[in-house]
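> when you get a sec, could you give me coordinates for this:
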Amino acid sequence: MKKKNFQILAMLMLAIMVTISACKKDAANDETPAPAPTEFTVAQNITSNTTWATGNTYTLASRVTVTAGATLTIQPGVIIKGEAGTGANATALLVARGGKIDAQGTATQPIIFTSVADEIKAGDIASPNLDPDLNGLWGGVIVLGNAPISADAPSVQIEGIPPSDQNGLYGGSTPTDNSGVIKYISIRHGGTNIGEGNEINGLTLGGVGSETIIENVEIVSNQDDGIEWFGGTVNVTNAVIWNTGDDAVDTDQSWAGTLNNFIVVNPGDECCELDGPEGTMEAGHLLINGTLFADGADGLVDLDDNSIVEMSAIYFFGLADGQDFDLKPTGLVAANFQATIPAGFTKADFFKDGIDAIVTEVAEGANTVGADVTKFQNWSWASVSGALDNF
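Okay, here's the model as predicted:
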């Protein structure tokens with residue numbers, strides 16, 4: 001009897017131990033793992049191939065450079081925020097000569113560059129707390145390459161980057177240079193000062209070559225220019241530039257590419273400032289299929305005596321007294337302009353130096369030339385805000 005009781009007790013103890021072990025295992029399995037971080041701060045240069053992943057937000061805590069030999073891949077939907085800072089502390093993303101960016105957003109998941117003050121979250125298009133005319137909160141995006149420029153040397157330092165940073169050099173002898181791919185990106189609230197009268201553009205392209213692909217770009221409320229080209233041969237397709245503090249489209253140093261299908265909305269200075277060569281190299285660029293809504297701009301198009309530019313299929317509207325297309329340099333080829341002229345004015349009041357001869361006056365909305373606004377629907381803040389409804 002005693003032996004049997006001992007056997008029963010042993011069996012009960014074994015059952016209890018098995019039950020406790022199973023309970024511990026179930027409890028362990030029920031534990032929820034800590035969520036992976038989705039917000040990251042970047043303060044150092046990118047010196048090897050790096051990926052910023054969909055679903056994440058990356059904060060630029062300094063001027064971050066993609067150095068020669070490295071590629072930064074930014075996946076669809078990523079949000080990049082720049083911390084506040086001026087002078088040498090201005091935040092920016094800089095792609096140096098020999099470095100590459102592969103930023104391929106999509107029409108449903110654009111890549112957004114903005115300020116840390118922006119409370120935007122993944123999946124948002126419009127900012128929930130910042131107005132689309134607030135600028136100067138951080139720097140901008142700068143891409144540099146080895147394509148030819150027209151300056152006082154084959155390569156020079158880009159504006160907005162201190163001379164002490166040699167990653168700011170651009171220009172060379174490779175027209176087909178490749179700095180990577182940029183598609184479906186929106187750059188907002190930038191243009192902070194780094195010095196007296198020296199701000200960073202929304203998107204700066206210095207000596208960028210023709211193998212670089214840039215398509216579907218939005219600049220919103222930059223304190224300086226929207227997109228500025230310094231030489232190079234890169235083409236840009238589908239660009240909307242809204243509420244810049246200075247010029248919307250600015251070209252320098254004999255940029256030799258094409259801007260095709262572009263919209264300008266309410267720049268602070270000129271809709272387009274198209275400058276001539278600054279050195280012995282001379283090349284021209286083409287602006288085609290553009291719609292310029294001048295609104296509060298100081299002017300329409302500003303050119304130098306030596307500008308080399310071809311412009312075609314451009315529609316101008318929202319004009320006001322004092323705005324003009326200022327002169328006709330010998331290097332200008334212009335055709336197929338249409339404009340809505342305010343009551344009480346003539347074409348010659350806005351299009352000087354004989355330019356009015358190639359302008360057809362049309363009622364607002366009756367234009368047959370200009371940008372294809374459908375290219376900006378859904379993914380751009382300008383579109384979802386209604387700023388392009390009359391285009």
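> tell me the SS of residue 349?
With DSSP: H, G, I helix; E, B strand; the rest coil as the basis, residue 349 sits in helix.
> in contact with it, which residues?
321, 324, 341 (CB atoms under 8 Å, 6 or more residues apart in numbering). (Glycine included, C-beta is placed from N, CA and C.)
> tell me how far it lies from residue 356.
Here the criterion is CB to CB, to the nearest Å. By it, residue 349 lies 9 Å from residue 356.
> any idea which residue sits dead centre in the protein?
The chain has residue 187 as the residue nearest its centroid, 4.2 Å off, counting by CA atoms, centre = their mean.
> do I have it right that that residue meets residue 222?
Yes. Using CB atoms under 8 Å, residue 187 is in contact with residue 222, at 7.2 Å.
> joint contacts of the two?
Residues touching both residue 187 and residue 222 by CB under 8 Å, 6+ apart: 140, 202.
> quick one, which of the contacts of residue 349 are buried?
The neighbour-count test (16 or more other CB atoms under 10 Å) applied to the contacts of residue 349 identifies 324, 341 as buried.
> which one of the contacts of residue 349 is nearest residue 99?
residue 324 (40.5 Å; CB to CB).
> pLDDT wise, what is residue 159 at?
pLDDT, residue 159: 87.
> just say helix, strand or coil for it.
Put simply, residue 159 is coil when judged by three-state DSSP.
> show me what the closest residue to it other than its chain neighbours bridges to in the sheet.
Nearest residue to residue 159, sequence neighbours excluded (CB to CB, 6 or more residues apart in numbering): residue 198, at 6.3 Å. Beta-bridge pairing for residue 198 (DSSP bridges): residue 195.
> do I have it right that residue 198 meets residue 161?
No. Using CB under 8 Å, residue 198 makes no contact with residue 161, being 9.8 Å away.
> okay, the two: which has more neighbours?
residue 161 (28 against 14; other CB atoms under 10 Å).
> state the distance from the more buried one to residue 96.
In terms of CB to CB, residue 161 sits 10 Å off from residue 96.
> anything in contact with each of the two?
Contacts common to residue 161 and residue 96, judged by CB under 8 Å, 6+ apart, are 167-168.
> beta partners for residue 263?
Judged by DSSP bridges, the bridge partners of residue 263 are residue 240, residue 291.
> quick one: stretch 309-318 to chain centroid distance?
22 Å (CA atoms, centre = their mean, to the nearest Å).
> do you know how far residue 50 is from residue 210?
Distance, residue 50 to residue 210, using CB to CB: 25 Å.
> look at those two and report which has more neighbours.
residue 210 (19 against 13).
> so what's the more buried one up against?
Contacts of residue 210 by CB under 8 Å, 6+ apart are 147, 175-177, 233-235, 257.
> in three-state terms, label the residue lying closest to it once chain neighbours are set aside for me.
Using CB to CB, 6+ apart and skipping the chain neighbours, the partner closest in space to residue 210 is residue 233 (4.2 Å). Under three-state DSSP, residue 233 falls in the coil class.
> per-residue pLDDT, residue 233?
In this model, residue 233 carries a pLDDT of 98.
> just checking, it touches residue 147?
Yes. Assessed by CB under 8 Å, residue 233 is found in contact with residue 147 at 4.9 Å.
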